[in-house]
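>>> Got a predicted structure plus its sequence, pasted below:
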Amino acid sequence: MLRSLERNRSSRCKGFFGGYSPRYPFLRKASWEARREFNDIITNSKLTRGERESALDKWADQYGLTDAYNDYKNATNTARQERLKAILKALDDLPKFFTELDRIETSQNYTCEQERKAVRELCSTLDDSASRVADYMLFEYSTNPFSGKLKRASSFDDIFFDDLDLLKNSASSSQSWFFW
């Protein structure tokens, strides 16, 4: 029984040289020799990025995988560009968010309910990723002004999102932790 479990596990988890490679889908069509050469190229730490790209282009051409490999490269480049756009957008949005949050927290004209509502509305302007980054930054840079130590932690949702309808908002759905 143990041997059959081991055999089943090894057939499902073939890894890089097996029939399945989720990281490199173009390898599904590649021969064993092509996979070995691909692995040799990508693990060669002496190649520069340009040399590695050139070697991979030649490799794909040699094994008839040029179209599949180019599709992979294009998808990877597109994903990298989208990631950069999202990061730059967050870097643009977060200073505005923190400036407005500080304005709300220091305003002398809000009642507790008005302040809570203003913070809720401000938080709803962030997407989930930016909300997690803001949450992390508030945690990372929050100190007690008298001791220099981190202040007490409270669940953001418990304090600001006591209205259950607001918890359905994607920007507020994660159980965030803010410190003050």
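Everything's here; your move. Numbering: from 1, shown residues only.

>>> Could you use CA atoms for every contact and neighbour count after this?
OK.

>>> where along this structure do the helices fall?
Secondary structure of the chain (DSSP state H): helices located at 2-12, 32-42, 49-62, 66-106, 112-123, 128-140, 156-160.

>>> Would you reformat these as TSV and include distance to F146 and mean pLDDT?
Output for these, formatted as TSV (distance: least, CA to CA, whole Å; pLDDT from 0 to 100):
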stretch	distance to F146	mean pLDDT
helix 2-12	57	45
helix 32-42	53	95
helix 49-62	51	97
helix 66-106	18	94
helix 112-123	24	92
helix 128-140	17	88
helix 156-160	23	46
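
>>> Now mean neighbour count and distance to Y24 too, for these, in TSV please.
TSV is the format used below for the helices of the chain (neighbours: other CA atoms under 10 Å; distance: least, CA to CA, whole Å):
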stretch	mean neighbour count	distance to Y24
helix 2-12	10	17
helix 32-42	15	10
helix 49-62	14	12
helix 66-106	14	8
helix 112-123	15	38
helix 128-140	17	27
helix 156-160	16	40
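
>>> Out of those, which is closest to P25?
Among the helices of the chain, helix 66-106 comes nearest to P25, with 7.7 Å by CA to CA.

>>> Run through the neighbouring helices and strands of that closest one.
On a contact count with 3 or more CA pairs under 8 Å, 6 or more residues apart in numbering; DSSP states H and E, helix 66-106 meets helix 49-62, helix 112-123, helix 128-140.

>>> Those into a markdown table, with extra columns for distance to I87?
Shown next, in a markdown table, are those (distance: least, CA to CA, whole Å):
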| stretch | distance to I87 |
| --- | --- |
| helix 49-62 | 24 |
| helix 112-123 | 18 |
| helix 128-140 | 9 |
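
>>> Of all the ones you listed, which one comes closest to T99?
helix 112-123 (10.8 Å).

>>> could I get the helices of the chain as TSV with distance to F26?
Converted to TSV, those look like this (distance: least, CA to CA, whole Å):
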stretch	distance to F26
helix 2-12	19
helix 32-42	10
helix 49-62	10
helix 66-106	5
helix 112-123	42
helix 128-140	30
helix 156-160	44
